[in-house]
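S.K.: What follows is a predicted structure for the sequence shown.
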Number of protein chains: 2
Amino acid sequence: MALEPRLLANAIRALSMDAVQAANSGHPGMPMGMADVATILFTEYLKFDPADPDWHDRDRFVLSAGHGSMLIYSLLHLTGYAHPTMEEIRNFRQTGSPCAGHPENFMLKGVEATTGPLGQGFAMAVGMAIAERHLNAVFGDDLVDHRTWVISGDGDLMEGVNHEAVGLAGHLQLGRLNVLWDNNKITIDGATDLSTSEDIPGRYRACGWHVVSCDGHDFADIRRAMDEAIADPRPSLVDCRTIIGWGAPNKQGTSATHGAALGPDEVAAARENLGWSSAPFEIPEEIVRTWRQTGSRGSEAHEIWRARLAASGQRSEFVRRMEGRIPEGAGLGDYLTGLAANPQKVATRRASELALGAINASLPETLGGSADLTGSNNTKTKDQKPLTKEDYSGRYIYYGIREFGMAAAMNGMALHGGVIPYGGTFLVFSDYCRPAIRLSALQNARVVYVMTHDSIGLGEDGPTHQPIEHVMSLRMIPNLAVYRPADAVETAECWALALERQDGPSLLALTRQNLPQFRDQVSENFSARGAYRVRSASASRRIVLIATGSEVEVALATAADLEGQGIGADVVSMPCWSLFDAQERAYRDDILPEHALRVSIEAGTTMGWERYVGPTGLRIGIDRFGASAPAEQLFERFGFTAQAIVPQIVAALKTAGDQ
Amino acid sequence: MALEPRLLANAIRALSMDAVQAANSGHPGMPMGMADVATILFTEYLKFDPADPDWHDRDRFVLSAGHGSMLIYSLLHLTGYAHPTMEEIRNFRQTGSPCAGHPENFMLKGVEATTGPLGQGFAMAVGMAIAERHLNAVFGDDLVDHRTWVISGDGDLMEGVNHEAVGLAGHLQLGRLNVLWDNNKITIDGATDLSTSEDIPGRYRACGWHVVSCDGHDFADIRRAMDEAIADPRPSLVDCRTIIGWGAPNKQGTSATHGAALGPDEVAAARENLGWSSAPFEIPEEIVRTWRQTGSRGSEAHEIWRARLAASGQRSEFVRRMEGRIPEGAGLGDYLTGLAANPQKVATRRASELALGAINASLPETLGGSADLTGSNNTKTKDQKPLTKEDYSGRYIYYGIREFGMAAAMNGMALHGGVIPYGGTFLVFSDYCRPAIRLSALQNARVVYVMTHDSIGLGEDGPTHQPIEHVMSLRMIPNLAVYRPADAVETAECWALALERQDGPSLLALTRQNLPQFRDQVSENFSARGAYRVRSASASRRIVLIATGSEVEVALATAADLEGQGIGADVVSMPCWSLFDAQERAYRDDILPEHALRVSIEAGTTMGWERYVGPTGLRIGIDRFGASAPAEQLFERFGFTAQAIVPQIVAALKTAGDQ
């Protein structure tokens, strides 16, 4: 490098303080504090090619402390990515700029993960590092051989999910994972000692990590620490002792630089202090040139890798997997045909296991797991070896009692590409990983959540374990496909839809208890419609029962009873609201005709069902916490029986008739 | 004690395996493994009085590994609590028995917390220990001087929230907190080394804890470890090396004993092995007598404490606080009068701070805090000193970046009694603490969540920080009161309601951005109605606009515009759905008349608003993730302006008229 790293780093500092100042909003302290470390990382260590940000074998870099977004925007711009342009940086945090408040992977190439919700960037990086080792084990060093680098702040390390991520990475000995900890001893509220007294290196060592310290403003020391991190076979925490807002003479080292513009006076003082004479958003030509040269450092390695790929016998399979293409129907065709011929009365969690048998056999990219509920979530198929530190080629991960860590790791795997992660826990514990489920949706990540024990139907474990509001509240997360299949056929259909969906997550809500298989036609994936008629009224249609999951069985019994009284009743199974809402109007009107009395039956909150039953309809559900008792007793107690439902419908018909 | 502790412990083992066997459901392994430790704790260390389970100065015992619920049921029965009776134990996990699958504090006295969702019992115990030290600092050793004991399993320790709880307890040096870790090296999926390689004592020590080990089946060694734990000024982790299912000769030490009945053969073998010849649910008289004697051990100490209380000058205030009684209006009367005279155009987060000024001055029991967003959540009032390890009398806690840990600790404080905890974070991070919010609701705990930055109105921080589905999804949690006040007056009203509510949690969703104060009448708490008319149509009423929070301002502008066109429009502010739903029919029909076109305006998901606007109404909201830009631009872009809304209403009126 022709120029001192400090000069290069100061370009980051100038851009960061100027962009935050222009927006009058943002976080200058972190980019200014970590500019020196980031400069060494990007100019000397990180493997990447700005000309092809999607290079499959690039190092992954995750800015877990996402509020310091100007750091990554500066780096991408300076190293020569097509975006962000200087104009886009100038419009930091404004409408239309990809330089959002926090880095968003769907806005900019080179941003590997959407970060900002603390702790999750780090935990996603663990998933990326798992995916790397797994693919390395499958495809070899020639095609997959890269590192995962993370910049984390104190907030990342204090969040609970950090414990789960650190534990998982230590257990799997992910030596390719290196975390640069911005140890500036400052949080929003003030000095870290206001709220924590932890010996962080001690904690990491106790979890099987290698820890090394450096002065985050001494370039030789930074290099030494990074070299040690790379050399050590364990995952590494690099404790970078830094000064937040380094360069701003009157505010550096204080929380005043964390989350607000420095102000024009301090920006001027920092310019003076740094010897930075350029106008805002102008970078001296020589500095730009040097940065661009370092950016082109990776192109040669990329060229060599391209040649290896071209020569590889695994080329087409590797590219298929990295591009996330799967065969139509997800390999479930024969299995479904078999189900039609040989119906299964099983719990949908078991139906999911059966479907996974076919899926895992035909899709080598699935990577399953459970947060210590393997036997309950039915997530492991016979052919799956565990993925361990001794054998990364395994396709099943024992995540431990780490729901959030599992979900975040799955996001990282999906973002890395080459694998399709799925993982299980109880539906009620979707709350534990909800922040990561939301990030799956925001990041368009193909992650499949297998959430079993999906209602009071789980029985004796009681209200702490019985979902009430969960299915409905998950439906509200934008871009999340929530499925509640009603039998073995629907379960397989929903699995196919989940896997075929390349641009977002899916969640399967599955029963503990057995359900009869009512579907025998498998020629079309009816679940893809979101809702469809399972049974047509034989008498003139006066009632439409809309049910999901285990309550379709109840709806069928209710319809039979009503028909016995001469009241025509359809039964509609609605495994997926969002897919139904996406159907054309005529289809929706046909399935849910306005003239009929519509009745929803779902063993969860009734809030929200007004959408489909209207103001005159009935909503059969449960709007209180459950109770501990055998499932059949609970279904009876809370009114999920034809016996309990039919009189309500008859009364409602009478009221409607009277009016 | 006349009998060997082993005999006493075997009574727990027998009850546990027999009750699980009878239910054919449950977790025998943990109670059998920890029976020896629990026997020593309850017979020799724990301060309690079965004759008065609510004794304010009792030690708190939390069974964090709640799946082992038969342990606590056995202990309560054996030591002489009125419940559970043997009949109730016989009906373990059955309808009508208080012996639910997991221990529920609302079912049984002596169960201090509802546990089962792993990690949370431990984290609640941290809150109890904080409340104890705080009240000790306020009321002195004479009235408050007790310990908090916890039994935790490996799952508790692996959960992310454990890291937050351990960090907080270590930072605050809660020496009265002793955790007995059931170190049996088994999880549901198998041996712990399937999923973890952590040096747990090392991690605890790094977080400022004292750690001591013992053989969990050697009574002298258990005593030695407990004595050390008590003597050490730090919080203690007692590493009890145990054998899961101890006593069941063929299954002990394996995950087979964890979550299923042992089966009749193994129960018989265990009887043989333990030398336990009694029939199921029968305990030899001598053993019962000895257990009861140990149960009465606390009555003398209780008597002495009663005398101290009677003699104390602080008696009535202490009792008032422990019973959770507060003055009507929560001390906000004068403040509200002041607001009426001197309206404030402030963000509702700032209005909350203003209200807290009055509240904290008149209610000494409030104990505030924030998860490192003090200046953003506006949760700290000037008079609040921090609660620190040097001074537990402080009334403000710097929780650090530990949202879940904060929420769980607040549950523990509320369950302990004597304090009313409130704590802040961004609304979007309600996802991080959602599992604890649910437990606040289930446990009827008076906790107040102060959740600011409640919509896209937070602006530049972008979609990771902008709630969309949050307010609505929180409304679905049973027994949680969700408030979204619209101005300074409503904010104070909602605070009063939250504090007056003794039997459940409340959550305030507050804006970052300023809002005009539209209320000048403060003679009645209109928010208590859930919804009320803010503005009546002057022309004939054709439209009812229903808005919450910051969108009431938008609704008022929309109504003004409509009225300008001769279209009569009401504006209804709806700060709390659940309170509105609880109003009598006539009131609800008056506020939301069916003949009017109803329009909801809320900067969140539209899913759910069908409830109030019906099938012909309009739902103005946002059903996608937000974006990074200044708030005003986002409100305009996403259509939260009168300009954008009025034409939709006019068009809807026309459609309705055409039909």
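M.R.: Sure, I can see it.

S.K.: now the helices for the stretch 151-300 of chain A?
M.R.: Taking DSSP state H, counting those that start in this stretch as the test, the helices found in the stretch 151-300 of chain A are A:154-158, A:160-171, A:200-206, A:219-231, A:264-274, A:285-311.

S.K.: centre of the chain versus the third one, how much separation?
M.R.: Here the centre of helix A:200-206 is set off from its chain's centre by 27 Å, with C-alpha atoms, centre = their mean, to the nearest Å.

S.K.: That one packs against which elements?
M.R.: helix A:160-171, strand A:210-215, strand A:236-241, helix B:200-206 (3 or more C-beta pairs under 8 Å, 6 or more residues apart in numbering or on different chains; DSSP states H and E). Using the backbone N, CA and C atoms, a C-beta is placed for each residue, glycine as well.

S.K.: Can you mark which positions in stretch A:634-644 are buried?
M.R.: Within stretch A:634-644, the residues that count as buried by 16 or more other C-beta atoms under 10 Å in any protein chain shown are A:L634, A:F635, A:R637, A:F638, A:G639, A:F640, A:T641, A:A642, A:A644.

S.K.: any idea how far the fourth one is from A:R624?
M.R.: Taking C-beta to C-beta, to the nearest Å as the criterion, A:F638 is separated from A:R624 by 9 Å.

S.K.: which one is A:H77 nearest to, not counting chain neighbours?
M.R.: The shortest distance from A:H77 to any non-neighbouring residue, by C-beta to C-beta, 6 or more residues apart in numbering or on different chains, is to A:P84 (5.4 Å).

S.K.: tell me the contacts of the one you found?
M.R.: Contact partners of A:P84, counting by C-beta atoms under 8 Å, 6 or more residues apart in numbering or on different chains, are A:Y73, A:L76, A:H77, A:S97, A:P98, A:C99, A:L108.

S.K.: Make CSV out of those residues and add pLDDT and neighbour count.
M.R.: Below are the contacts of A:P84 laid out as CSV (pLDDT from 0 to 100; neighbours: other C-beta atoms under 10 Å in any protein chain shown):
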residue, pLDDT, neighbour count
A:Y73, 98, 30
A:L76, 98, 27
A:H77, 98, 26
A:S97, 96, 22
A:P98, 97, 21
A:C99, 98, 31
A:L108, 98, 22
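
S.K.: For the stretch 351-500 of chain A, give me the ranges with low pLDDT.
M.R.: Within the stretch 351-500 of chain A, no range satisfies pLDDT under 70.

S.K.: what ranges do the strands span in it?
M.R.: Along the stretch 351-500 of chain A, the segments classed as strands by DSSP state E, counting those that start in this stretch run A:366-370, A:396-398, A:420-426, A:448-452, A:481-483.

S.K.: how big is the angle separating the third one from strand A:366-370?
M.R.: Interaxial angle of strand A:420-426 relative to strand A:366-370 (axes from the mean of the first three to the mean of the last three C-alpha atoms, to 10 degrees): 20 degrees.

S.K.: Now do strand A:420-426: distance to the chain's middle.
M.R.: Relative to its chain's centre, strand A:420-426 lies at 11 Å (C-alpha atoms, centre = their mean).

S.K.: With the second one instead?
M.R.: A distance of 17 Å separates the C-alpha centroid of strand A:396-398 from that of its chain, computed with C-alpha atoms, centre = their mean.

S.K.: confidence score at A:A310?
M.R.: Note for A:A310: predicted pLDDT of 98.

S.K.: Give me the subset of the buried residues of stretch A:634-644 that also touch chain B.
M.R.: Among these, proximity to chain B is found for A:R637 (C-beta under 8 Å from any C-beta of the partner chain).

S.K.: now the buried residues of stretch A:634-644 as TSV including pLDDT?
M.R.: Shown next, in TSV, are these (pLDDT from 0 to 100):
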residue	pLDDT
A:L634	97
A:F635	97
A:R637	97
A:F638	97
A:G639	98
A:F640	98
A:T641	98
A:A642	98
A:A644	98
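
S.K.: Dump the buried residues of stretch A:634-644 into TSV; add secondary structure as well.
M.R.: Below are the buried residues of stretch A:634-644 laid out as TSV (DSSP: H, G, I helix; E, B strand; the rest coil):
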residue	secondary structure
A:L634	helix
A:F635	helix
A:R637	helix
A:F638	coil
A:G639	coil
A:F640	coil
A:T641	coil
A:A642	helix
A:A644	helix
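
S.K.: If we only consider the buried residues of stretch A:634-644, which is nearest to chain B?
M.R.: Of all those, chain B sits closest to A:R637, with 6.8 Å by C-beta to the nearest C-beta.

S.K.: got the contact list for that closest one?
M.R.: Per C-beta under 8 Å, 6+ apart, neighbours of A:R637: A:A627, A:A629, B:T95.

S.K.: Give me the distance between the residue nearest the centre of chain A and chain B.
M.R.: Nearest to the mean C-alpha position of chain A, by C-alpha atoms, centre = their mean, lies A:S440 at 2.7 Å. Relative to chain B, A:S440 is positioned 12 Å away (C-beta to the nearest C-beta, to the nearest Å).

S.K.: just to revisit the earlier point, just the pLDDT for the residue nearest to A:H77.
M.R.: A:P84 carries a pLDDT value of 98.

S.K.: In a helix, it, correct?
M.R.: No: under three-state DSSP, A:P84 falls outside any helix and is assigned coil.

S.K.: Check the helices of the stretch 151-300 of chain A for me and report the most buried one.
M.R.: helix A:160-171 (a mean of 30; mean count of other C-beta atoms under 10 Å in any protein chain shown).

S.K.: Just tell me which of the helices and strands packed on helix A:200-206 ends up closest to B:A547.
M.R.: helix A:160-171 (35.4 Å; C-beta to C-beta).

S.K.: I'd like to know how many residues surround A:E390.
M.R.: With neighbours defined by other C-beta atoms under 10 Å in any protein chain shown, the count for A:E390 comes to 9.

S.K.: For chain B, see how far away it is.
M.R.: 12 Å.

S.K.: which ones are touching that residue?
M.R.: A:E390 touches nothing, counting by C-beta under 8 Å, 6+ apart.

S.K.: Which pLDDT value does the model give A:D658?
M.R.: Among the per-residue scores, A:D658 holds a pLDDT of 65.

S.K.: hang on, the earlier thing: what separation do you get for the residue nearest to A:H77 and chain B?
M.R.: Distance from A:P84 to chain B, by C-beta to the nearest C-beta: 13 Å.

S.K.: angle of the helix or strand where A:M128 lies against helix A:160-171?
M.R.: Following DSSP states H and E, one finds A:M128 within helix A:120-139. On the basis of the same axes, to 10 degrees, helix A:120-139 is oriented at 30 degrees to helix A:160-171.

S.K.: by how many degrees do helix A:120-139 and helix A:285-311 diverge?
M.R.: Using the same axes, to 10 degrees, helix A:120-139 lies at 40 degrees relative to helix A:285-311.

S.K.: for helix A:120-139, packing partners?
M.R.: Checking 3+ C-beta pairs under 8 Å, 6+ apart, helix A:120-139 ends up next to strand A:60-63, strand A:148-152, helix A:154-158, helix A:160-171, strand A:177-183, helix A:403-416, helix A:430-442.

S.K.: Give me the sheet partners of the first one and which way each runs.
M.R.: Pointing back at strand A:60-63 there. Under the criterion DSSP bridges, strand A:60-63 sits next to strand A:148-152 (parallel) in its sheet.

S.K.: what about the strand it pairs with, distance to the chain center?
M.R.: With C-alpha atoms, centre = their mean as the basis, the mean position of strand A:148-152 lies at 18 Å from the chain mean.

S.K.: report the angle between the axes of that strand and strand A:177-183?
M.R.: Comparing the axes of strand A:148-152 and strand A:177-183 via the same axes, to 10 degrees yields an angle of 20 degrees.
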